[in-house]
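Undergrad: okay, sequence plus prediction incoming.
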Amino acid sequence: MSDTEQEMAVEAEVQEMSVLDALKEVLKKALIHDGLKKGLHECAKALDKRTARLCCLAKDCENEEYKKLIRALASEGDVNLIMV
């Protein structure tokens, strides 16, 4: 295989990903490696311990107290919050 063929093969493998596709990929990897916390209790514990690196909160969440708690814990620990 010549150099140009190798470069073309590498370029073919690299694809543009949307933000949601990239987020799905990260969440899948976190789930596989036991790094994903789900639910209010687990998330609040991770945010309070400051072990969380990213927090995803559903836009259609109807409980305002839940939203307020997660936003406050995320901002207190300087954790990025994504509304999905």
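TA: Looks like it came in fine.
Undergrad: for residue 52, which non-adjacent residue is closest in space?
TA: Distances taken as C-beta to C-beta, 6 or more residues apart in numbering place residue 46 nearest to residue 52, at 4.3 Å, with adjacent residues excluded. Placement of C-beta: from N, CA and C, glycine included.
Undergrad: next one: residue 82
TA: Counting by C-beta to C-beta, 6+ apart, residue 56 is the residue found nearest to residue 82 once chain neighbours are left out, at 5.0 Å.
Undergrad: that neighbour and residue 24 touch, don't they?
TA: No - using C-beta atoms under 8 Å, residue 56 makes no contact with residue 24, being 10.7 Å away.
Undergrad: list the contacts of residue 17.
TA: Counting by C-beta atoms under 8 Å, 6 or more residues apart in numbering, residue 17 makes contact with residue 25.
Undergrad: ok, so what distance separates it from residue 23?
TA: From residue 17 over to residue 23 the distance is 9 Å, taken as C-beta to C-beta, to the nearest Å.
Undergrad: kindly indicate whether the residue nearest to residue 82 is helix, strand or coil.
TA: What DSSP: H, G, I helix; E, B strand; the rest coil gives for residue 56 is strand.
Undergrad: count of neighbours near it?
TA: For residue 56, the count of nearby residues is 16 (other C-beta atoms under 10 Å).
Undergrad: so residue 55 bridges to which residues?
TA: Counting by DSSP bridges, residue 55 forms beta bridges with residue 81.
Undergrad: tell me the pLDDT at it?
TA: Looking at residue 55, its pLDDT reads 90.
Undergrad: so where do the strands sit in this structure?
TA: Along the chain, counting by DSSP state E, strands occupy 54-57, 80-83.
Undergrad: from residue 26, how far off is the closest residue to residue 77 other than its chain neighbours?
TA: In space, and not counting its chain neighbours, residue 77 is closest to residue 50: 4.5 Å by C-beta to C-beta, 6+ apart. Computed as C-beta to C-beta, the residue 50 to residue 26 distance reads 19 Å.
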